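> Got a predicted model here, sequence first, then my questions.
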Amino acid sequence: MTPHDDAPELLRRASAALEVDDPDLDLDAIMRRGYRERRRRSTVLGSAATAGVAAVAAVLALSLAGPPQTEQDPGPADDGDGDGAPVDAETSGYPYVLEGFGTDAERAQLNDAAVAAFGGLLEYAGVVAPDVEPDFDFQPVQEPGNYGQTWLRLYESQIWPEDGQTPDDAVLRVEAFLPGGWTAEPGPVTEQLFPRHLISASGWPWYTEADWTDELTTAELDDGRIVHSANHECAYESAVVFPNGAGLLVSWDMGCHEPSPQYQIPEEDFAAAVESMSAPDFDTTGLAPVGDLIEVPTGWLWDPGWPAGAADDASATMTAAHSALTELYLGATLDDGSALQLGGLEHNSVATRVYKGEGEYETPYADVSFELVYYLPGGWIPGIAGSGGEGPYPEACGEAFSCTQETNDDGTVWAVATGPETELPQQVRVVRFDPAGWAVAVRASSDEPIDAEALTEIAASMPAPVYDAAAVPQVPTD
């Protein structure tokens, strides 16, 4: 087994980790990502049960170290105009920065430009009161590229009416992208692809019931900007690509999810406002070519209906797991569990599908509480994240944890993470990555020492999860 000490706390995803179905999910914020209450998206998994296994051999040696590293580069090659953007920004990205990125000056320039462009329209439509300046409050967001092997950076803002309460109630949404990790070409708007597309040919379904296919128009302005636009009748959407490599995505929702239109504005006024936004000046320090990327089985897109539909399978899985557990520890408990999605809450966000249950077993020294987590195939590869937490791994070492990994002759991968013995409660995690493409994790905590070998025995005894192996994710086609 290969030791890997002092790895970071979590498989970090941009911003805060959230789970739509269980906000209190105690999974150490697996796959952290910024929770942006507005857009929702969907995802696809391609042949995970087989593709995941095929990828294992090539990546096992990399699992602890993360994605392949290239030789140290002195910095991105500038294109000569002094803006710091590399020649091929599409296939470049940023490292994840735990403390965030950006400056007050960058936020201020975006806020001033948005107020000047959209303040009058927001008042005209009745979204804000007369003579009240809207507060765009742009926030920095880091989004995963190729399942967390690199990161995109952007600022985003949304404006709600006074009575707005849900993500769908947002009228105006503005995103400003730093150069890197996205392409100017329209295409499927999904986290499954790298580089990413800002806008699709049919428009982006940012709310739950969106189902449209509209014509996308493209115009190149005299100053070199490229503008892609779509009119959804109940909403307008535009993406702007600036000559300096920055990008802008703007949408105005006139009540697509409401019985009748609200906050209506003329399309030409929306277009004029979008085009009045000047090119933002961003600091692209850290932007560098991504180099070789690990091939990852296509991940599932967030699906609001999946947890309820998978509830019976999750319960059946935990029932079988409980039966196996009591063969080892008579009187052990395990609840019925639930089906959960870890990741973003938007239709184009990749979400890891899991079953999670909680239980307890008794030892001669103490009762040990544990979580049993099944990872279904899609969007990850076997392994445990190492330094920096980057990469498409479902588990990560904790701060000051000791992490090891080994592979059996049958292809089963084992990962063990042990917390500091001086800290209570002690924490131990054992993850079994099955060659069939699924994984099961036993995550225990106790005020008394925990036997990692006992957790390994539990994980080894766990049956395969119940799930539809024939169902595979699909990448949107437009």
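Looks like it came in fine.
> Pull up the pairing partners for the strand ranked longest in the chain, direction included.
Looking across the chain with DSSP state E, the single longest strand is strand 351-362. Under the criterion DSSP bridges, strand 351-362 sits next to strand 333-334 (antiparallel), strand 338-343 (antiparallel), strand 367-375 (antiparallel) in its sheet.
> Tell me the buried residues in it?
Within strand 351-362, the residues that qualify as buried are Ala351, Thr352, Arg353, Val354, Tyr355, Lys356, Gly357, Glu358, Gly359, Glu360, Tyr361, counting by 16 or more other CB atoms under 10 Å. Bear in mind the C-beta positions are built from the backbone N, C-alpha and C, glycine included.
> List the beta-bridge partners for the last one.
Okay, so that is Tyr361. Going by DSSP bridges, Tyr361 forms beta bridges with Val368.
> Over to the first one?
When bridges are assigned using DSSP bridges, the partners listed for Ala351 are Gly343.
> mind giving me the domain ranges of the chain?
Domain assignment for the chain, taken from automatic domain parsing, gives 4-66+296-461, 89-289.
> Go through these and find the least confident stretch.
Among the domains of the chain, domain 4-66+296-461 carries the lowest mean pLDDT, at a mean of 76.
> which residues of the stretch 301-450 of the chain fall in helices?
306-309, 311-328 (DSSP state H, counting those that start in this stretch).
> Just say which of the strands paired with strand 351-362 is most tucked in.
strand 338-343 (a mean of 25; mean count of other CB atoms under 10 Å).
> Pick the most buried one from the helices of the stretch 301-450 of the chain.
By mean count of other CB under 10 Å, the helices of the stretch 301-450 of the chain have helix 311-328 as the most buried, with a mean of 17.
> so that one versus strand 338-343, what angle?
110 degrees (axes from the mean of the first three to the mean of the last three CA atoms, to 10 degrees).
> hang on, the earlier thing: any idea which of the buried residues of strand 351-362 is closest to Tyr393?
Using CB to CB, Thr352 comes nearest to Tyr393 of those, at 10.6 Å.
> The residue nearest to the closest one when sequence neighbours are not counted and Val466, how far apart?
Sequence neighbours aside, Leu342 is the residue nearest to Thr352 in space, at 4.5 Å (criterion: CB to CB, 6 or more residues apart in numbering). Per CB to CB, to the nearest Å, Leu342 is found 19 Å from Val466.
> what do you get for Ala454?
From Ala454 over to Val466 the distance is 25 Å, taken as CB to CB.
> Is it possible to get the strands paired with strand 351-362 out as JSON lines so that each row also shows distance to Glu233?
Output for these, formatted as JSON lines (distance: least, CB to CB, whole Å):
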{"stretch": "strand 333-334", "distance to Glu233": "51"}
{"stretch": "strand 338-343", "distance to Glu233": "31"}
{"stretch": "strand 367-375", "distance to Glu233": "41"}
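> who wins for proximity to Ile294 among the ones you listed?
With respect to Ile294, and counting by CB to CB, the nearest of the strands paired with strand 351-362 is strand 367-375 at 17.1 Å.
> Please export the C-alpha coordinates of the closest one as CSV.
Output of strand 367-375 as CSV, limited to C-alpha atoms (Å, rounded to 0.1, in the frame of the first residue of the first chain):
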residue,chain,number,x,y,z
ASP,A,367,-20.5,1.2,19.9
VAL,A,368,-19.3,2.4,16.5
SER,A,369,-21.5,4.7,14.4
PHE,A,370,-21.0,4.5,10.7
GLU,A,371,-22.3,5.7,7.3
LEU,A,372,-22.6,3.3,4.4
VAL,A,373,-22.4,5.0,1.1
TYR,A,374,-22.8,3.3,-2.3
TYR,A,375,-21.5,5.2,-5.3
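> Other residues contacting it?
Residues outside strand 367-375 that contact it (CB atoms under 8 Å, 6 or more residues apart in numbering) are 26-27, 317-318, 321, 334, 337, 352-362, 394, 438-446, 448, 450, 455, 458, 462, 465.
> tell me which residues in stretch 181-196 are buried?
For stretch 181-196, the neighbour count (16+ other CB under 10 Å) marks 181-184, 186-196 as buried.
> Mark which of those residues are part of strands, please.
Trp182, Thr183, Arg196.
> Just the buried positions in stretch 102-116, please.
By neighbour count with 16+ other CB under 10 Å, stretch 102-116 contains the buried residues Gly102, Glu106, Arg107, Gln109, Leu110, Asn111, Ala113, Ala114.
> Would you mind pulling the contact partners of it?
133-138, 140, 153, 155, 157, 174, 176, 276-278, 280-283.
> Repeat that for stretch 458-470.
Stretch 458-470 has contacts (CB under 8 Å, 6+ apart) with 49, 310, 313-314, 316-317, 320-321, 324-325, 327-328, 353, 355, 361, 370, 372, 374, 376-377, 414, 430-432, 434, 436, 438, 440-442.
> next one: stretch 271-282
By CB under 8 Å, 6+ apart, stretch 271-282 touches 83, 106, 109-110, 113-114, 116-118, 121, 176, 178-179, 221, 225, 227, 229, 236, 238, 240, 242-244, 246, 248, 250.
> Buried residues of that stretch, list them for me.
Counting neighbours by 16+ other CB under 10 Å, one finds that the buried residues in stretch 271-282 are Ala271, Ala273, Val274, Glu275, Met277, Ala279, Pro280, Phe282.
> that's a helix at the fourth one, yeah?
Yes: the assignment for Glu275 is a helix, going by DSSP: H, G, I helix; E, B strand; the rest coil.
> Relative to Val174, how far out is it?
For Glu275, the distance to Val174 equals 14 Å [CB to CB].
> One more: the third one?
Val274 is 9 Å from Val174, where distance means CB to CB.
> cool, the last one as well?
As defined by CB to CB, Phe282 lies at a distance of 15 Å from Val174.
> try the fifth one
Met277 is 8 Å from Val174, where distance means CB to CB.
> Find the residues that touch each one of the two.
Common neighbours of Met277 and Val174 (CB under 8 Å, 6+ apart) are Ala114, Leu248, Val250.
> Checking my notes, the second one in a strand, right?
By that I understand Leu248. Yes: with three-state DSSP as the criterion, Leu248 is part of a strand.
> if I pick it, what's in contact with it?
Val174, Glu175, Ala176, Phe177, Ser238, Ala239, Val240, Phe242, Val274, Met277, Pro280 are the contacts of Leu248 under CB under 8 Å, 6+ apart.
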